[in-house]
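> Got a predicted structure plus its sequence, pasted below:
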Amino acid sequence: MPRATVKRLLDQLDQAKRRFGSGEDKRVEELLVRLTRCKFADAEVLIRFHESLLFLLAYPHSQRILRIVEKELSSFAERVELLETSGADTSAFIHPDISGITQTSVIDTFTFNIVRWLLLRHPAQIALDWEWFEDDNRLAATWPRFMPLLEEDAFVEANVPYREWLRAAKERGVNDLAWLIQRFAALPRTDEEKAELYDSLKLYVRWTPSYKASRTGMKLPVRNIFYHRQPLIQRRDISFLDELQAPSPRLSRLSAKQGETMLNMARETSTVRYRELYGFTHGDSRRVFKASLGRGVDLFVMGTPPARRLPLRAYHAAMIFKNGVPVGYFEGLSLFERMESGFNFYYSFREGETAWIYARTLNIFHHLLGVTAFSIDPYQVGHENEEGIESGAFWFYRKLGFRPTRAKLMKLTLGEERKIASRPSYRTPKTVLRRLAGGPMIFELSKPDSRDWDRFQIRNIGLRVQRRMAAEFKGEADRIRAAAANDIGRVLDIRTAELSEVELSVVSDFAVVLLMILDLDLWSVSEKDAFV
């Protein structure tokens, strides 16, 4: 079939896949059947077909369409392989928006924790990629720790053959990367120090995921598929405030084994997209909860173990599935009633029910944590994030009810809204969108005009602590920590000698902040007990 004809069919499928109602399923089915018979000689065209299939996997019109999609995806590796053997340009497969298609690889400087996890989960699909490696000198700083006499070569010679040293040092038949990770893991250092040493090397790793770990085949088993027979819920169809305040779905706690399975899938779906989320990498398998939001959407909320928690804010991550297909993730950092929230709906599914799913996600955290103020970092709306500018992320959040926290940006927003209201064809220029993305946005449920949180940044607390450390403790962290823990322990009657290492760390973190509260001695006994 001519390339132009294939592209025309894909254009028609792009339109038809988002239309639901009487007879729409027949049109989608007809287009799918014709496209499954095509041979694709162009990577970008094949990628378009793949993304449409994934959308229909998450938003199927009917059982028949779902079966066609599943069958086509299960054999998609053959299409990729045919393209590769034909000599076609396949460089497009590595782009972060579409990486992770079956039969393709992702190459990156993955962190120590992720590489170690990949070796446990996918040992046969992962290896070092020396073609991308840029600086041999970094190896001289670490490899002598586990390669005797390497200093003789690395410290004084040019063009050191590090790969030859590596081949000589490891056992025959052992994967280069596996041997290196074992050596780092055996170092007499903390996990954080091991990770810091390994990450400093910036070693490129190639992972070729199996079908079930690829974007093509990654899917949770689902008992009841939600078929779409009516138009999708659009942003204009919902009241964001009403959705947040509606009763929350029940959260059910997964077993530790089920929790680990979910964390593994969350790590896989992030890694194939060149992303790493703190809550997935360091998630606690004993603290994973599931909520069914309706319309085939399941949300899995993950906490972190005590040793991995942040000093002040509570950290939660969430993975979002639509009919078993991973469609996005959420990250929340909360302090009192305020949460800094990050939401990422994967590129392939942004034409779906994004606003409704986002509202239902925030509903969960509103009820779970008592959060009433949701803040968005400037990056989310386009600051140093061209994807956010291209997608018009600022207006997505603004039309849901978020507002800029900076007065000059609020003034600019109101001016743009007047232009839009008076000129229906008007579109905010990218230069203006970049200005609008220059500050945070916030949505407040309880006191929308209070502006209590407008100027707040968690780093202001940290910087205040640093200034006190510099002025009173000669810039020595151990001294301010010890002094703070001693003073707070005395005022609050905390017996630090009886605390575990993790508990002592928590006391120390809070203590350096409480040290700045001048009337702490005047707290009531009940207030002190509540804090302890």
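Alright, I've got the coordinates.

> who touches stretch 188-196?
111-113, 184-185, 187, 197 (Cβ atoms under 8 Å, 6 or more residues apart in numbering). Where you see a C-beta, it was placed from the backbone N, CA and C, and this is true even at glycine.

> where does residue 383 land in three-state SS?
Classification of residue 383 using DSSP: H, G, I helix; E, B strand; the rest coil returns coil.

> Quick check: mean pLDDT of stretch 394-414?
Averaging pLDDT along stretch 394-414 yields 96.

> end-to-end on that stretch?
End-to-end distance for stretch 394-414: 13 Å, by Cα to Cα, to the nearest Å.

> Tell me how far residue 219 lies from residue 54.
Shown here: residue 219 relative to residue 54, a distance of 10 Å by Cβ to Cβ, to the nearest Å.

> any common contacting residues for the two?
residue 325.

> Comparing those two, which shows the higher neighbour count?
Regarding residue 219 and residue 54, a neighbour count based on other Cβ atoms under 10 Å identifies residue 54 as having more, with 25 against 19.

> Any figure for the gap between the more buried one and residue 327?
9 Å.

> Now do the shared contacts for the two.
348-349.

> Which residues does the strand or helix carrying residue 107 contact?
Following DSSP states H and E, the helix or strand that holds residue 107 is strand 106-108. Strand 106-108 is contacted from outside by 94, 99-100, 129, 132, 204-207, 209, 271-272, 274, using Cβ under 8 Å, 6+ apart.

> Can you flag which of the residues you listed belong to helices?
residue 271 (DSSP state H).

> Could you list which residues are in contact with residue 304?
Contacts of residue 304 by Cβ under 8 Å, 6+ apart are 278-279, 282-284, 287, 315.

> following the longest strand seen in the chain, which helix or strand comes up?
Criterion DSSP state E: the longest strand present in the chain is strand 325-335. Later in the chain than strand 325-335, the nearest helix or strand by DSSP H and E is strand 338-345.

> What strands flank that next one, and is each parallel or antiparallel?
Sheet pairing of strand 338-345 (DSSP bridges) gives strand 325-335 (antiparallel), strand 373-376 (parallel).

> Now find how far off-centre stretch 327-334 is within its chain.
When C-alpha coordinates are averaged (Cα atoms, centre = their mean, to the nearest Å), stretch 327-334 and its chain have centres 7 Å apart.

> The stretch 1-150 of the chain: strands as residue ranges?
Using DSSP state E, counting those that start in this stretch, the strands of the stretch 1-150 of the chain run over residues 106-108, 126-128.

> Of all those strands, which one is nearest residue 334?
In terms of Cβ to Cβ, the element of these nearest to residue 334 is strand 106-108, at 30.0 Å.

> Run the chain-centre distance for that closest one.
On Cα atoms, centre = their mean, the centre of strand 106-108 falls 17 Å from that of its chain.

> could you give me the average pLDDT of it?
Rounded mean pLDDT across strand 106-108 is 95.

> which neighbours does it have in its sheet, and in what orientation?
Under the rule (DSSP bridges), strand 106-108 has strand 205-207 (antiparallel) as partners.

> and the strand it pairs with, what's its mean pLDDT?
97.

> quick revisit: export the strands paired with strand 338-345 to JSON lines and append columns for distance to residue 344, mean neighbour count and mean pLDDT.
Output for the strands paired with strand 338-345, formatted as JSON lines (distance: least, Cβ to Cβ, whole Å; neighbours: other Cβ atoms under 10 Å; pLDDT from 0 to 100):
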{"stretch": "strand 325-335", "distance to residue 344": "6", "mean neighbour count": "22", "mean pLDDT": "97"}
{"stretch": "strand 373-376", "distance to residue 344": "12", "mean neighbour count": "23", "mean pLDDT": "96"}
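
> Turn these into a markdown table, columns for distance to residue 161.
Below are these laid out as a markdown table (distance: least, Cβ to Cβ, whole Å):
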| stretch | distance to residue 161 |
| --- | --- |
| strand 325-335 | 42 |
| strand 373-376 | 50 |
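
> Residue 493: which of the ones you listed is closest?
Closest approach to residue 493 among the strands paired with strand 338-345 (Cβ to Cβ): strand 325-335, 25.0 Å.

> re the thing from before, in CSV, list the C-alpha atoms belonging to the longest strand of the chain.
Extracted C-alpha coordinates of strand 325-335, given in CSV (Å, rounded to 0.1, in the frame of the first residue of the first chain):
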residue,chain,number,x,y,z
VAL,A,325,-2.9,0.0,30.8
PRO,A,326,-0.4,2.3,32.6
VAL,A,327,-1.5,5.8,31.5
GLY,A,328,0.3,8.1,33.9
TYR,A,329,1.7,8.8,37.4
PHE,A,330,1.3,11.2,40.3
GLU,A,331,3.7,12.5,42.9
GLY,A,332,2.7,14.4,46.0
LEU,A,333,4.7,16.1,48.7
SER,A,334,2.5,17.3,51.6
LEU,A,335,3.1,19.5,54.6
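
> Centre of the chain to it, how far?
That offset, for strand 325-335, works out to 7 Å (Cα atoms, centre = their mean).

> show me the contacts for the closest residue to residue 62 other than its chain neighbours.
The shortest distance from residue 62 to any non-neighbouring residue, by Cβ to Cβ, 6 or more residues apart in numbering, is to residue 25 (4.6 Å). Residue 25 is in contact with 61-62, 64-65, 229, counting by Cβ under 8 Å, 6+ apart.

> same question, residue 469
475-477, 479-480, 512 are the contacts of residue 469 under Cβ under 8 Å, 6+ apart.

> would CSV of the residues you listed with secondary structure, neighbour count and pLDDT be doable?
Below are those laid out as CSV (DSSP: H, G, I helix; E, B strand; the rest coil; neighbours: other Cβ atoms under 10 Å; pLDDT from 0 to 100):
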residue, secondary structure, neighbour count, pLDDT
475, coil, 11, 95
476, coil, 11, 96
477, helix, 13, 93
479, helix, 13, 93
480, helix, 22, 93
512, helix, 23, 92
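
> Let's have those in a markdown table, adding distance to residue 150.
Output for the contacts of residue 469, formatted as a markdown table (distance: Cβ to Cβ, whole Å):
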| residue | distance to residue 150 |
| --- | --- |
| 475 | 36 |
| 476 | 35 |
| 477 | 34 |
| 479 | 38 |
| 480 | 40 |
| 512 | 42 |
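
> which one of these is nearest residue 144?
After measuring those against residue 144 - Cβ to Cβ - the closest member comes out as residue 477, at 29.5 Å.

> so where does the residue nearest to the closest one when sequence neighbours are not counted fall, helix or strand?
The shortest distance from residue 477 to any non-neighbouring residue, by Cβ to Cβ, 6+ apart, is to residue 469 (6.7 Å). Using DSSP H and E, residue 469 sits in helix 458-472.

> For the helix or strand containing residue 316, name the packing helices and strands.
Residue 316 belongs to strand 314-322 when assigned by DSSP H and E. For strand 314-322, the elements it packs on are helix 256-271, helix 278-281, strand 297-302, strand 325-335, helix 354-369, judged by 3 or more Cβ pairs under 8 Å, 6 or more residues apart in numbering; DSSP states H and E.

> before we move on, back to that, just flag the most distant two among the contacts of stretch 188-196.
111 and 187 (16.1 Å).

> wait, residue 323 sits on residue 296?
Yes. With contact defined as Cβ atoms under 8 Å, residue 323 reaches residue 296; the gap is 4.3 Å.

> what's residue 228 sitting at in phi/psi?
Its backbone dihedrals place residue 228 at phi -90, psi 110, with angles given as degrees, to the nearest 10.

> Right, I'll leave it there.
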